[in-house]
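> Got a predicted structure plus its sequence, pasted below:
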Amino acid sequence: TTTTTTKNDSEERERNAWESPVQFLLTCVGYAVGLGNVWRFPYLCYRNGGGAFLIPYFIMLAFVGFPTLLLELALGQTQQAGFLLSIQRISPKFKGIGITAIFNEVTIGMN
C-alpha cells in the first residue's frame, strides 16, 4: 500500500491507501468470503430446501447486503475515515449505529 497525507480536524496524519483497485477488491472479497462459507453454503442449500433456499438468499443479498456494502464503501471513500468516524461526522447521534455495525462485522468475521 502507499501512504497519503490527509488533513483531518486541523491535524495532519498519514493514512495507507490501496495501490490499485484490484488490490482493494481482492481484499474485500477475501474478508467477505471465507473458506468456511465455501464449504458450508452447499450444505445449507441442501438442508434447507435446495433451490428454494436460493430465492430468499439472493433477494436479501440484492436488497440488503449489496446496498449496505456500497454505503460503507462510499462513506469510507468520501470521509477518508473508518466507518464509525464517518457516521459520527454525519451526526453525533448516529454513533450507536456505527458501533452496532462494527460489532456486527466483528461477529461475522469471527464465524
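Now that the structure is in, tell me what you want to look at.
> Spatially central residue for this protein, please.
For the chain, the residue nearest the mean C-alpha position is Leu69 (5.2 Å; CA atoms, centre = their mean).
> Which helix or strand contains it?
In this structure, Leu69 sits in helix 66-79 according to DSSP states H and E.
> Tell me the buried residues in the following helix or strand past that helix?
As assigned by DSSP H and E, the chain's next helix or strand after helix 66-79 is helix 83-90. Residues of helix 83-90 classed as buried by neighbour count (16 or more other CB atoms under 10 Å): 83, 85-88. In short, each C-beta sits where N, CA and C put it, glycine included.
> from those residues, which is closest to Ala62?
Phe83 (21.9 Å; CB to CB).
> need the helices for this protein, in chain order.
Using DSSP state H, the helices found in the chain span residues 21-32, 35-47, 51-60, 66-79, 83-90, 95-110.
> Need the contact partners of the last one.
Yep, that's helix 95-110 we're talking about. With CB atoms under 8 Å, 6 or more residues apart in numbering as the test, helix 95-110 has contacts from 31, 72, 83-88.
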